[in-house]
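A.B. asks: mind folding the following:
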Amino acid sequence: MENDNLKIQLDSIQRILSYCITQTYNVLIGNILRKKGCINNIQFKEILQKEYIRITDELSSIYLNHSALACVEEYYNAGDFLWESTFFESLTKEQKQKYTSFPVSSFEYAKYIEAHIYYNDALPMFSYLVDAILYERYTEYLMGEIDRIELTEVQTVQPRSSILVNDEPCEQKKKPVIVGKEINPFQSDFTEEQIEILTTCINEIQLFTTNISSNILKDFFACKLKGVLKSNNNRQLAYLMQSLNLKGFITDEWQSAIARNELVLGKTKDTSLTRTDLSTATDQINMKQPKGWETIDKYIKQLKKGWA
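C.D. replies: Reported below is the predicted structural model:
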């Protein structure tokens, strides 16, 4: 019964939280769309990229200063975030008491708009929670728009016309085409034992939406997957790959290898991770370690021991 009452209370606060997020999200998207209508794609892409960098900086600051909000990166699209995520459990006893006793009917949106942190005493970290979920969803939108423009750019690239000098067309040098597939794109040389260790690590942290076998991981590093893997956490993927790179197991160009061979689908979209996606995730882990980093480090150390 007590659990039922808690869910009712958190669901009521969730409606307030969702309303605050939606109102600001609509304003941000509307602002972007107004710019889109009066500039070309090149200018629009530049605006999107600058906005993306600004917002990810804001997100990093929030996560660094409020560790209880780390779960947002995994649950930001959950409609019942307060119930499903680990946010409430991570609060102190006093903070939990404030959430369970908050009189929901007393909330006034006008006061929240007037002073963003107005309710942070009654509902600890409320404004930062709103911002974290809002910014995660907003960056997802921004990245989707950037990817759309980049796809359009690829599709509309036209061959350069010949340059005329003295009315005679100049012969353009044709770039030689290298046939065959790149050999060992990750420049890796894992032993059977090391592949087993990595496979266990990946499945333990649930890096992908499915458990993988050692053979699948071998095919991944050989860029010969029969299908694709879907990321559960882009930051975890970046942390694992960067750790392998820093220990000398794979190439510095691991981002390009994943993107060029379309090995992994993004967590929130059914398109392959781009180098931009992976670069952004890498920048974020350099600011704040992702969930499960201790487990990854533990297995990387085992990997190192088995490395001749």
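A.B. asks: mind listing what residue 116 touches?
C.D. replies: Counting by CB atoms under 8 Å, 6 or more residues apart in numbering, residue 116 touches residue 127. Glycine gets a C-beta too; all of them are placed from N, C-alpha and C.
A.B. asks: can you confirm it is in a helix?
C.D. replies: No. Assigned with DSSP: H, G, I helix; E, B strand; the rest coil, residue 116 falls outside any helix and is coil.
A.B. asks: relative to residue 129, how far out is it?
C.D. replies: Applying CB to CB, to the nearest Å, the value for residue 116 to residue 129 is 12 Å.
A.B. asks: assign residue 230 to helix, strand or coil.
C.D. replies: strand.
A.B. asks: my read: it touches residue 212, true?
C.D. replies: No. Counting by CB atoms under 8 Å, residue 230 stays clear of residue 212, with 11.1 Å between them.
A.B. asks: top helix in this structure by residue count?
C.D. replies: When the chain is parsed with DSSP state H, its longest helix is helix 2-36.
A.B. asks: check which element follows that one along the chain.
C.D. replies: Remark: after helix 2-36, the chain's next helix or strand is helix 41-65, criterion DSSP states H and E.
A.B. asks: report all helices and strands that that following helix contacts.
C.D. replies: In terms of contacts (3 or more CB pairs under 8 Å, 6 or more residues apart in numbering; DSSP states H and E), helix 41-65 is packed against helix 2-36, helix 126-156, helix 275-287.
A.B. asks: can I get those in a markdown table with distance to residue 111 and mean pLDDT?
C.D. replies: Shown next, in a markdown table, are these (distance: least, CB to CB, whole Å; pLDDT from 0 to 100):
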| stretch | distance to residue 111 | mean pLDDT |
| --- | --- | --- |
| helix 2-36 | 12 | 90 |
| helix 126-156 | 12 | 88 |
| helix 275-287 | 32 | 81 |
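A.B. asks: tabulate those (CSV), appending distance to residue 106 and mean neighbour count.
C.D. replies: Listed next are these as CSV, based on distance: least, CB to CB, whole Å; neighbours: other CB atoms under 10 Å:
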stretch, distance to residue 106, mean neighbour count
helix 2-36, 10, 14
helix 126-156, 13, 18
helix 275-287, 36, 18
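A.B. asks: give me the contact list for stretch 259-277.
C.D. replies: For stretch 259-277, contacts defined as CB under 8 Å, 6+ apart pick out 77, 140, 143-144, 146-147, 150, 185, 208, 220, 223, 225, 228-234, 237, 255-258, 278.
A.B. asks: report the buried residues of it.
C.D. replies: 259, 261, 263-267, 272-274, 276-277 (16 or more other CB atoms under 10 Å).
A.B. asks: which pair of these spans the longest distance?
C.D. replies: The distance between the two most remote of these (CB to CB) is 18.6 Å, for 261 and 267.
A.B. asks: which residues touch residue 134?
C.D. replies: Residue 134 makes contact with 21, 24-25, 28, according to CB under 8 Å, 6+ apart.
A.B. asks: can you do 10 Å?
C.D. replies: Residues in contact with residue 134, defined by CB atoms under 10 Å, 6 or more residues apart in numbering, are 20-25, 28, 55, 58-59, 72, 76.
A.B. asks: cool, residue 226 as well?
C.D. replies: With contact set as CB under 10 Å, 6+ apart, residue 226 has these partners: 216, 219.
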